[in-house]
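Would you be able to build a 3D model of this:
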Amino acid sequence: MGTLLQKIYDKFIIKASDDDFTYKQDLVFEFFETAIGYSYKTTSHDLGYAVYTDNSVLVIFSTLETSGDITLSINSNDYNIALLSTDTKLEIANKIKTAIQTDWTVIITNGLYPIIIITKSGVNDINTTLVDIDSTNINILVCRTYDGIMDEDLDIDEIELISLNMKKAYIEYLLKPLSCLQSSIGTKDFNRLPNKVEEYKVYSLILKDLEEEIQKFRQEFYSYSN
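The predicted model follows:
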């Protein structure tokens, strides 16, 4: 059995502990994919992996501005759901559950933002899309859990390398909009935005230090005892 992807995600989240990645599984997975590309030439184990696609996850972020209908498409099935502007987030989640539970196994996790987990025995790929027919402006995030497994058992230093490269991808993600802003308005005008300049300097320094750390780690990689 290979290393669970969650073990690598957890290692990354510890490194980026100042930030909240709740309901941002898709973003964390993007960092993981990028990190695999950075890491595979250094590791002794194969970095192939499989992501479980046998679920879809809906996060109910807000209620409605106006009453109206939404359509939930799950694979080839369409479900029309009538919502009221007075519905709470949990009531919205339960209306969705009522509409689809004949065809799908549905679990609702109640909290500040109710979460709907959709699965079905024997179905290995569940794709969900949401159409706001009547422009209710409801905010429902459609995502996956991105659970999965590596093809092989990774050593502790290989997990560390991937998580370091995930952090590098994350800092590059934070730095990119600042770099684009500087390019679009020019350096002189950018320098008149003290908060943005300070952010740019901080992220640039973190990235520089992180790249040096990764390079040093690569050089010592095979001398570690796992």
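
for the helix of greatest length in the chain, packing partners?
Counting by DSSP state H, the longest helix found in the chain is helix 156-185. The contact analysis (3 or more CB pairs under 8 Å, 6 or more residues apart in numbering; DSSP states H and E) places helix 156-185 against helix 5-15, helix 25-39, helix 194-220. Every C-beta, even on glycine, is put in place using the N, C-alpha and C of the backbone.

Pull out the buried residues from the helix or strand bottoming out on mean pLDDT in the chain.
Within the chain, no helix or strand scores below helix 187-190, which has a mean of 80 by mean pLDDT, DSSP states H and E. Within helix 187-190, the residues scored as buried using 16 or more other CB atoms under 10 Å are Phe190.

picking up where we left off before, reformat the helices and strands packed on helix 156-185 into a markdown table and put distance to Leu154, mean neighbour count and mean pLDDT next to each item.
Output for the helices and strands packed on helix 156-185, formatted as a markdown table (distance: least, CB to CB, whole Å; neighbours: other CB atoms under 10 Å; pLDDT from 0 to 100):
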| stretch | distance to Leu154 | mean neighbour count | mean pLDDT |
| --- | --- | --- | --- |
| helix 5-15 | 8 | 17 | 94 |
| helix 25-39 | 10 | 18 | 93 |
| helix 194-220 | 15 | 13 | 87 |
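
right, and those - which one's nearest Ile140?
helix 25-39 (14.2 Å; CB to CB).

any idea of the angle that closest one forms with helix 5-15?
Interaxial angle of helix 25-39 relative to helix 5-15 (axes from the mean of the first three to the mean of the last three CA atoms, to 10 degrees): 90 degrees.

for the record, mean pLDDT for the helix or strand just after helix 25-39?
Sequence order places strand 49-51 as the next helix or strand after helix 25-39, per DSSP states H and E. Strand 49-51 shows a mean pLDDT of 91.

what packs against strand 49-51?
strand 148-150.

So if we follow the domain assignment, how does the protein break up?
The record's domain parsing of the chain by automatic domain parsing lists 5-50+149-223, 56-144.

and the residue located most distally from the centre of the chain, how far is that from Val197?
Most distant from the centre of the chain: Lys188, at 35.1 Å, with distances by CA atoms, centre = their mean. Look at Lys188 and Val197: by CB to CB, to the nearest Å, they are 11 Å apart.

Share the number of residues neighbouring Asn55, please.
Neighbourhood size, Asn55 [other CB atoms under 10 Å]: 20.

Please apply the same query to Thr102.
Neighbours around Thr102, by other CB under 10 Å: 9.

need the contact list for it.
Residues near Thr102 by CB atoms under 8 Å, 6 or more residues apart in numbering: none.

ok, now the one 4 residues further on?
With contact set as CB under 8 Å, 6+ apart, Val106 has these partners: 96-97, 100, 116-118.

Doesn't it belong to a strand?
Yes - secondary structure of Val106 (DSSP: H, G, I helix; E, B strand; the rest coil): part of a strand.
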